[in-house]
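**Q** structure for the following, please:
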Amino acid sequence: MYAHSWLYGLPFLGLGLEVMDEMPAEMETLEDAMGTAVQCAAATSVPPMDLARAQEMLGTKSGFSVTPTAVGHTCQLASNLPCEDTWSSGQFNFFGDPNKDWCEWAVFDGHAGPRTAELLKQILPSAVGQALWDAGCLNRSFTPNDQHIVDSIKKAFTTFDNNIINQSKELVKDGKIERAEIIAAAATVYSGSCALLALYDPKKSVLRVANTGDSRAVLGRWDAAEGKYVAQPMSLDQTGFNQDEVARLKRDHPDEDCVDPKTGRVHGIAISRAFGDARWKWPQEISIRAHDYFWGPSPRPNDLIKTPPYLTAEPEVTETRVRTGAHPDFLIMASDGLWDNMSNEDAVACVQLWLEKNKPTNFLEQADQQGLLPSLGLGGPPGNRRIALDGGNTPTFKSMSDLSGDDDTYFDENGSLRWRVSPKHFVNEDPNCGIHLVKNALGGNRRDLFCGVMSVQPPLSRNVRDDITVHVVFFGVDTKELVNN
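**A** A predicted model of the protein is given here:
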């Protein structure tokens, strides 16, 4: 059993609450459809983004998730059309007690299309929850780094991937059903996706993070000696730059040079673990048949594929006991589009800056004041509320000339303008911490830079920024009284 609770904000729509209340089952689909429609409209007309319009674009796919002891702030900004990232948040309600039921937050960073990521969103969280329940993991006594729980999570990941890879392989190989059915089934594995899944046991205050690919989870933990939050990695990027991954591939394929040390790519792909990506897992003759008879993607060239599979969906699982109190822990989960521009340490510093001005539950208190909590999961005010965009007392760069002396902008090897992220450029003006992180990763108070980055539309936007999906999960909060009211 699996439950999903969400507060949406649709700044471009202005739907009345009477409309919201009439469509509980379709709300998530409507949100996705309208967000995509907004992106398509921007890509078609390519409007120059002023600050207000860029703010609305960030708000279109942002929102909040709610559990009794934790809240999540989420933001997604697409670069691909359609967006290849997606996410989930929910609670496994096997116990029927929110104080015992485990919570999950996930980021699925797709590539070569959105199909694998969308399939993961629909199935993987509930599949992991069911596997944990069936294995008796959800009510086990706490043991640090319990191998039984770790193995159950890993098995759920790999079983799901093996199923979709092998089933589509057999369909392509046999060709005994209608061509359209084979094409549809194979499409889910022609593309691929990373998966970053956080599981929180509120009764034992245990956080586990399972990672396949190069999305990243970073814990913000208060260090009393330093008087600030410090970054504690909860995952490591699984690419050819990770020497443990290089060693694994060498061990599994001793007679092959699978990794390009200059690019970190595994036979041309930027990650060493992923769901889907059949061309790195099927025998070469199946990929050739899929291409020739079912219009699949081109097989990998030059006889690279000798001893597949080269990629695995098996995750690495980390664990920590969550600290609460005066300075409770928080977790940042994001696809690599955020980490391309922001370090772990700067991301944690950015969230700490946000906490100096905001409470993670402010959106619930505002919804309570406006009588909106009865429709939790159907609508809410955060995306419809006017936000003062003054940037506080930090300097604001409003034109190209203002950036001329900025040593945090530079030109890359292709001669394109790039930027470095630094806390000196942070602004603190958004009630949603996910939006706050994305905005500061893309320029912060350098308004001309930020609005310029937001104005670039597909397909050129992919040369400037990747799809970005962010969860910021705040622990140690108490939402029960507000929600129960």
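
**Q** ok, now which ones touch the closest residue to Gly444 other than its chain neighbours?
**A** Counting by C-beta to C-beta, 6 or more residues apart in numbering, the nearest residue to Gly444 once its immediate chain neighbours are dropped is His425, at 4.0 Å. From N, CA and C alone the C-beta is placed, and that goes for glycine too. By C-beta atoms under 8 Å, 6 or more residues apart in numbering, the residues touching His425 are 394, 408, 440, 443-446.

**Q** in TSV: those, plus pLDDT, secondary structure and distance to Val472.
**A** TSV is the format used below for these (pLDDT from 0 to 100; DSSP: H, G, I helix; E, B strand; the rest coil; distance: C-beta to C-beta, whole Å):
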residue	pLDDT	secondary structure	distance to Val472
Thr394	48	coil	21
Asp408	87	coil	24
Asn440	98	helix	12
Gly443	96	coil	19
Gly444	97	coil	16
Asn445	96	coil	20
Arg446	95	strand	22
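
**Q** compare those and tell me which is most surrounded.
**A** Counting by other C-beta atoms under 10 Å, Asn440 has the largest number of neighbours within these, with 29 neighbours.

**Q** does it touch Val421 like I think?
**A** Yes - with contact defined as C-beta atoms under 8 Å, Asn440 counts as touching Val421 (6.8 Å).

**Q** between these two, what contacts are shared?
**A** Counting by C-beta under 8 Å, 6+ apart, the residues touching both Asn440 and Val421 are Met342.

**Q** tell me the pLDDT of Thr479.
**A** Thr479 is assigned 87 on the pLDDT scale.

**Q** residues in contact with it?
**A** By C-beta under 8 Å, 6+ apart, Thr479 lies in contact with 66-69, 71, 361, 364.

**Q** run the last query once more with 10 Å
**A** Thr479 makes contact with 66-71, 98, 360-361, 364, 373, 376, according to C-beta atoms under 10 Å, 6 or more residues apart in numbering.

**Q** narrow those residues to those in strands?
**A** Counting by DSSP state E, the contacts of Thr479 place 66, 70-71 in strands.

**Q** which one of those is nearest to Phe94?
**A** Ala70 (18.1 Å; C-beta to C-beta).

**Q** how far away is the residue nearest to Gly444 from Thr469?
**A** Note on His425: its distance to Thr469, by C-beta to C-beta, to the nearest Å, is 22 Å.

**Q** how about the secondary structure of Ser287?
**A** Of the three states, Ser287 takes helix under DSSP: H, G, I helix; E, B strand; the rest coil.

**Q** buried ones among the contacts of Thr479?
**A** When the contacts of Thr479 are checked for burial by 16 or more other C-beta atoms under 10 Å, the buried set is 66-71, 98, 360-361, 364, 373, 376.

**Q** how many residues are close by Asp174?
**A** The tally of other residues near Asp174 (other C-beta under 10 Å) stands at 9.

**Q** quick one, what contacts it?
**A** Per C-beta under 10 Å, 6+ apart, neighbours of Asp174: Ile182.

**Q** state the pLDDT value of it.
**A** Reading off the model, Asp174 has pLDDT 96.

**Q** just the helices in the stretch 151-300 of the chain please.
**A** In the stretch 151-300 of the chain, the helices defined using DSSP state H, counting those that start in this stretch lie at 179-190, 243-252, 284-294.

**Q** could I get the ones you listed as CSV with distance to Ala347, mean neighbour count and mean pLDDT?
**A** Below are the helices of the stretch 151-300 of the chain laid out as CSV (distance: least, C-beta to C-beta, whole Å; neighbours: other C-beta atoms under 10 Å; pLDDT from 0 to 100):
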stretch, distance to Ala347, mean neighbour count, mean pLDDT
helix 179-190, 32, 18, 97
helix 243-252, 23, 14, 97
helix 284-294, 38, 17, 97
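
**Q** so for Gly213, which of those sits nearest?
**A** Judging the helices of the stretch 151-300 of the chain by C-beta to C-beta, what sits closest to Gly213 is helix 243-252, at 10.9 Å.

**Q** can you count the residues close to the closest residue to Val453 other than its chain neighbours?
**A** Counting by C-beta to C-beta, 6+ apart, Val453 lies nearest to Leu442, which is 4.8 Å off, once chain neighbours are set aside. The number of residues packed near Leu442 is 26, by other C-beta under 10 Å.

**Q** again, but for Ile177
**A** 10.

**Q** Gly90 too?
**A** Look at Gly90: counted by other C-beta under 10 Å, it has 21 neighbours.

**Q** equivalent analysis for Cys350, please.
**A** Neighbours of Cys350 (other C-beta under 10 Å): 25.

**Q** might one say that it is in contact with Phe426?
**A** Yes - between Cys350 and Phe426 there is a contact under C-beta atoms under 10 Å: 5.8 Å.

**Q** which neighbours do these two have in common?
**A** Common neighbours of Cys350 and Phe426 (criterion: C-beta under 10 Å, 6+ apart): 436-437, 439-441, 444.

**Q** adding distance to Ile123 and pLDDT, write the ones in strands among the contacts of Thr479 out as JSON lines.
**A** Shown next, in JSON lines, are the ones in strands among the contacts of Thr479 (distance: C-beta to C-beta, whole Å; pLDDT from 0 to 100):
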{"residue": "Val66", "distance to Ile123": "23", "pLDDT": "93"}
{"residue": "Ala70", "distance to Ile123": "24", "pLDDT": "96"}
{"residue": "Val71", "distance to Ile123": "25", "pLDDT": "96"}
